[in-house]
Each structure stands twice: as structure tokens, then as C-alpha cells.
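In: Give me a model of this one.
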Amino acid sequence: MYKKVTFLVTLIGVMGLLLFTFYEGHTVSASDKTLTTNLSIKVTSSGDPIQNGAFLAGNYQTAYEAIMSGKFSSQVTNSSAWRESQNTEHVIVVAGLTVGEGNKHTDSEAQTIISTLFSTNFTLLQSINETNNGTDIMSFNPPSNFVRFQAPNGGNVTTDLKGRASAKVNTGLTAIVDGSSKGIIKLITVTPDMGEVKVDTNSLGISLSFASGNSKSSQPRTVELNQELHYTLKVSKKMLNPTTPTKIDLRPDANIVIDET
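Out: Residues are numbered from 1 along each chain as shown. Purely as a prediction, here's the structure:
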């Protein structure tokens, strides 16, 4: 009887150790928590639906977590994009905020840094997010963290007559990007089975917006060779730093020259 009890206790102990080892070996990481879900958007301009508009979703959860915690992998800090952007103190100043090892930020600050880097130093942002640059967000080789929205019926990669579109995206902080201006129009946190997200391109929360001045929104967004195209660039004051010059990099398609005047 004594031997049987001892054997039973030993067996239970071994099973408990195996279960503990199993769960210890399957610790859930940030990447394990990433899920894929369907994201639906309705895009308007001052309340009017944008038809046949091209929009994308770019996931920046990795960059968001790194900037919030102030912890960056050696792959990021040793990248050419990081080294070229850092100052003599080995940190990077973005919109007056310091980005670097040990520099923690709030949710609002992290989003400001991400939206600013998107417009001013896209290569660095992609490096912090540990995703590639691709050729162009609207090309057949977009950055690895971007997906195009499609009409709800699964047809064209544009919004429908009501300004609606959807895409399969990863959960986490996501930038809704206008494929025409290639600028962020809204930052949202995507969660599983979230409802339709309303996006207005004339929202006052936009940090940077680009609009052509001599063409109507209903006209085709194309120009002839050597045709002059007037544009308006609106920059939110929160992107400007009184002590450090703010550089804005416009990345036009080939054969388009941006006049700095």
C-alpha cells in the first residue's frame, strides 16, 4: 500500500512538472497576440462619401510598443536609418520628443511620433517597425505592413459609391492612409470584430495633408506632361518644433517635380 501511494504521488508530481514546463515554453509574446481581422471603413470628405478612392492600412503596432516602452532591438539601433537620424547623444528628436533607449512615451506622444515620422522619415519608421520599405505603398511591391482596402463586394481596390471598403488587417495600431496623397488620415487601434470605422479626410486631427489647388475632387487625378499642378500642403503646428527644424519629405511618383517655392 505504501509503495502504491508513493508511486501515485510521484506520478502526479511528474505530470505537474511536465505541465509547468509546457506552459513555460509557450509564453505568449506580443507577436503571438497579433490577430487578423476584417476592418471596414467609410470614407468621407466633409461628410460626403468618397467614391472610387484608394486607401490603405499600415500596421505600426511594433513601432508603437517600442516607442512607448523605450526599448529597441539592436537590429533597429544598428540600422543605417537609425544611425543617420540620431544625434551625438544617440537619440532621435521627433516633433520635440526624444526617441531612444530608455525614453518612454504616452499613447498620445507615441502616435504623434509615428504620424510625424511617416511624413518626415518613412525609412526610419519602417526600421523601428521592423518592416521593409517596399517600392511604394501604391505599387505592386508595397511595404510588408500595408494592405489595400477593397470594395465590400470584393471587386475593385477602391471605395464603393457610399465610400465603404474593407480589408483583412492585423490587430493593433493602424494607420489609415490616403493612396492619393500618401498621407495618414487617421490612426486607430484595430481590435477583433470591431465595427465600421468612419474616416473623414478633412478631419482637423490630420497632422499633414496634401491637396491639389487647380483641380476638383471629381476630376481624374492625372496631369499631362509639363502641365503645372498647384498644391496646398497643410502642416499641423504640433509637428513643428521651435528649436529643431522640421523636415518634410514629399515622395512623388516618377516624372513629377515638386517645386519648393
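
In: Flag every buried residue along stretch 35-49.
Out: L39, I41, K42, V43, T44 (16 or more other CB atoms under 10 Å). For the C-beta atoms, the positions are set from N, CA and C on the backbone; glycine is no exception.

In: Other residues contacting that stretch?
Out: Residues outside stretch 35-49 that contact it (CB atoms under 8 Å, 6 or more residues apart in numbering): 50, 53, 55, 57, 149, 152, 159, 161-171, 174, 176, 190-202, 217.

In: among those, which ones are buried?
Out: For those, buried by 16+ other CB under 10 Å: 50, 53, 55, 57, 149, 159, 163-167, 169-171, 174, 176, 190, 197, 199-201.

In: Just want the phi and psi numbers for V199.
Out: Backbone dihedrals for V199, given as degrees, to the nearest 10, come out at phi -130, psi 130.

In: Show the contacting residues for it.
Out: Neighbours of V199 in contact, by CB under 8 Å, 6+ apart: I41, K42, V43, T44, F55, I176, I185, K186.

In: okay, these in TSV with distance to Q126, pLDDT and secondary structure next?
Out: TSV is the format used below for these (distance: CB to CB, whole Å; pLDDT from 0 to 100; DSSP: H, G, I helix; E, B strand; the rest coil):
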residue	distance to Q126	pLDDT	secondary structure
I41	23	96	strand
K42	28	96	strand
V43	24	95	strand
T44	29	94	strand
F55	19	95	strand
I176	17	96	strand
I185	19	92	strand
K186	19	93	strand
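
In: out of these, who's nearest G134?
Out: G134 lies nearest to F55 out of the contacts of V199, by CB to CB, at 16.6 Å.

In: Tell me how far the nearest residue to that closest one once chain neighbours are set aside lies from L124.
Out: Leaving aside its sequence neighbours, F55 sits nearest to F149 (CB to CB, 6 or more residues apart in numbering; 4.7 Å). Distance, F149 to L124, by CB to CB, to the nearest Å: 26 Å.

In: again, but for S180
Out: Following CB to CB, the distance that separates S180 from L124 is 24 Å.

In: who has more neighbours, these two?
Out: Higher neighbour count among S180 and L124: L124, with 23 against 17, using other CB atoms under 10 Å.

In: ok, the more buried one - contacts?
Out: A81, W82, S85, I92, L117.

In: How many neighbouring residues does the last one have?
Out: Summarising burial for L117: neighbours were counted as other CB under 10 Å, giving 25.
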